[in-house]
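Q: predicted model, plus sequence, below.
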Amino acid sequence: MDYILSFIAGGLTQATWWQVVVFTLVVTHITIVSVTVFLHRSQAHRGLDLHPAVMHFFRFWLWMTTGMVTKEWVAIHRKHHAKCEKEGDPHSPILFGIWKVLFRGAELYREESNNKETMAKFGHGTPDDWLERNVYSKHSLWGVLTMLAIDIALFGAIGVTVWAVQMAWIPFWAAGVVNGIGHYWGYRNYNSPDTSTNVFPWGIVIGGEELHNNHHAHGTSAKFSAKWYEFDIGWCYINILKFFGLAKIKKVAPKLKLDDSKTGIDLRTLQGVITHRYEVMARYADVIKSAAREELAKLKDSRKKGSAECDWTKLHQVRRAIHRNEDILQPEQLAAVDKAIAQNKSLATLVQMRRELGRIWESSSASSEQLLNDLQAWCQRAQQSGIAGLEQFAQRLRRYAA
């Protein structure tokens, strides 16, 4: 009886509370690494190739700790990128609301996993060997039940809590925080055509997935950090695997090159602008934000004097939308922006020239020569606009190089 009570109290290890906590943090972190390195960067986006032994370890570990099927996860994530923020996106907080994605993201995942069309269209190229067909996919419940037995054997009754934390870790952090908060709150390095954000500049807890806006700007890159102050722990693990010959990095985001010696706009400029178009639009968004702040300040002074009340109100209402990528704005938001800036020449010019700049890389039929002429003409108009921020932006644009 004493042995049974002792086993219930502490399992085979008789671990202290802090040892249980350390174990839980270690195993959940391995699960996060398995998701970000194997499922996300390697399988979904092909940013790197992994040694078969490493791939199988990650598949086995995810089977034990999440019960997720590789093909399902990959297909759903690829569809998210293909349909981002639009009808068909499996887990967009813009469509479903932030709270549903944050706390019920796993339910959205399960619903989409039953969509055979999604699996057929987006799930190609994932493991399809005997183990995948007959164990990992067919009996996904076996793995998590085995993990439950291991946790109870190691720690006794508290092992059930350890197992529950393991089971909730990915649904909360990946399905909830990354897919929810990562499209709702944070900062943006790139003005990509979605609402993706970098939740924190230090990607540790979720393996680097915190740098979500960077990822959406360069989806196939195996590295998620972009600025000098950003840290991607997943990238560290990838480089360790590479050092031991267990990973091959295929793609990383191109580095921005600014050539201070350039005085004109040539094909190198065009290629650089197109390659770094999301960074270009992020800098342009800063110009619009600055101009909008200045205009609001002017209108605020006029309002105090008893005029410009209506203009100030309209511009203030759209101040958060005016600098955003128009691809993610609703028709009514676009109409409100156009109405608010109709009487403001500077803001109207900035918004119109942003649209014209975007058309340069959106054109699929124009030749390089035509695109180059369009870019040269755009920069010339920008420098003759009389808008200081726009003139400085055009001057910086000349320095872009492929």
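A: Alright, I've got the coordinates.

Q: find the nearest non-adjacent residue to T66, please.
A: Closest residue to T66 apart from its sequence neighbours, by Cβ to Cβ, 6 or more residues apart in numbering: I170 at 5.2 Å. To be clear about C-beta, it is placed using only N, CA and C from the backbone, and glycine gets the same treatment.

Q: swap in A82?
A: What sits nearest to A82 in space, not counting adjacent residues and going by Cβ to Cβ, 6+ apart, is F122, at 7.2 Å.

Q: correct me, but that neighbour touches R78?
A: Yes: in this structure, F122 is within contact of R78 by Cβ atoms under 8 Å, at 4.0 Å.

Q: neighbour count for these two, which is higher?
A: F122 (23 against 20; other Cβ atoms under 10 Å).

Q: residue contacts, that one?
A: Applying Cβ atoms under 8 Å, 6 or more residues apart in numbering to F122 gives the contacts V74, A75, I76, R78, K79, A82.

Q: which of those residues fall in helices?
A: When those are checked against helices (DSSP state H), the matches are V74, A75, I76, R78, K79, A82.

Q: pull out the buried residues from the residues you listed.
A: V74, A75, I76, R78, K79 (16 or more other Cβ atoms under 10 Å).

Q: and M281, how many residues sit next to it?
A: Around M281 there are 21 residues (other Cβ under 10 Å).

Q: and it, what helix or strand is that in?
A: helix 277-304 (DSSP states H and E).

Q: by contact count, what packs against that helix?
A: helix 309-317, helix 345-362, helix 388-397 (3 or more Cβ pairs under 8 Å, 6 or more residues apart in numbering; DSSP states H and E).

Q: report the inter-axis angle for that helix versus helix 388-397.
A: Interaxial angle, helix 277-304 versus helix 388-397 (axes from the mean of the first three to the mean of the last three Cα atoms, to 10 degrees): 170 degrees.

Q: local confidence estimate at I98?
A: Here the pLDDT value assigned to I98 is 85.

Q: give me the number of residues near the residue lying closest to it once chain neighbours are set aside?
A: Nearest non-adjacent residue to I98, counting by Cβ to Cβ, 6+ apart: Y184, 5.0 Å away. When counting by other Cβ under 10 Å, one arrives at 18 neighbours for Y184.

Q: which residues does Y184 contact?
A: Applying Cβ under 8 Å, 6+ apart to Y184 gives the contacts P93, I98, T195, T197.

Q: now these in TSV, with secondary structure, distance to H215 and neighbour count?
A: Shown next, in TSV, are those (DSSP: H, G, I helix; E, B strand; the rest coil; distance: Cβ to Cβ, whole Å; neighbours: other Cβ atoms under 10 Å):
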residue	secondary structure	distance to H215	neighbour count
P93	helix	16	22
I98	helix	19	15
T195	coil	13	22
T197	coil	11	21
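
Q: pull the most distant pair out of those residues.
A: Pairwise distances across these peak at 12.0 Å for I98 and T197 (criterion: Cβ to Cβ).

Q: many thanks, have a good one.
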